[in-house]
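*Asks:* Dropping the sequence and predicted coords here.
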Amino acid sequence: MDDIISKSQLLEAYRNGQRHFEFIELSTEEDFSNVVLSGAVFRRCWMEVLFVSSDLSNCQFIECCLKTADFRYANLTKAVVTGCTIESTRFQHAVVDGFVFSHNSAYGQDSGQEDFDNWIHCT
């Protein structure tokens, strides 16, 4: 388990070269808007945070709780969201070139790429 419990700790670890983060729980009060976390891998993290206009290209979110997370206007180019809970998660106007969305759960239902393309990513 990573000992990261705040935005400042996560950004410092990222600046120091860490790219793999597991079991991190970040408060809904944390605002990661306009940050660069390109290439980071988040596994089994609880991240109900704002990622508005952030660079999350090549990121992976694996088995994370992303309920109420806000990815509006974020760069999700070649990012992956798989095995995550995504209830009330916002993706409007995000850049999603090569984005992979698979095996996620929304309100008890499986949600995949087709769901994302047809109703989750509303621009």
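*Replies:* Received the coordinates, thanks. Residues are numbered from 1 along each chain as shown.

*Asks:* Tell me the residue in this structure that is farthest from the middle.
*Replies:* What lies farthest from the middle of the chain is residue 16; by Cα atoms, centre = their mean that is 20.4 Å.

*Asks:* separation between that residue and residue 57?
*Replies:* Here the criterion is Cβ to Cβ, to the nearest Å. By it, residue 16 lies 20 Å from residue 57. Bear in mind the C-beta positions are built from the backbone N, C-alpha and C, glycine included.

*Asks:* can you check residue 66 too?
*Replies:* 17 Å.

*Asks:* Show me which of these two is the more surrounded one.
*Replies:* Legend: neighbour count by other Cβ atoms under 10 Å for residue 66 and residue 57, higher for residue 66 (23 against 19).

*Asks:* Do I have it right that that one meets residue 82?
*Replies:* No - the pair residue 66 and residue 82 fails to qualify as a contact (Cβ atoms under 8 Å) at a distance of 11.1 Å.

*Asks:* related to what we said a few turns ago, for the residue farthest from the centre of the chain, phi and psi?
*Replies:* phi -80, psi 10 (degrees, to the nearest 10).

*Asks:* let's have the chain start at 49 instead
*Replies:* In the new count, where the first residue is 49, that last one comes out as residue 64.

*Asks:* tally of neighbours for the residue lying closest to residue 159 once chain neighbours are set aside?
*Replies:* Excluding the flanking residues, the one nearest residue 159 by Cβ to Cβ, 6 or more residues apart in numbering is residue 152, at 4.5 Å. By other Cβ under 10 Å, 25 other residues sit near residue 152.

*Asks:* Who are the contact partners of residue 85?
*Replies:* Applying Cβ atoms under 8 Å, 6 or more residues apart in numbering to residue 85 gives the contacts 62, 102, 103, 104, 107.

*Asks:* Out of the residues you listed, who's the most crowded?
*Replies:* Counting neighbours by other Cβ under 10 Å, the top entry in the contacts of residue 85 is residue 104, with 27 neighbours.
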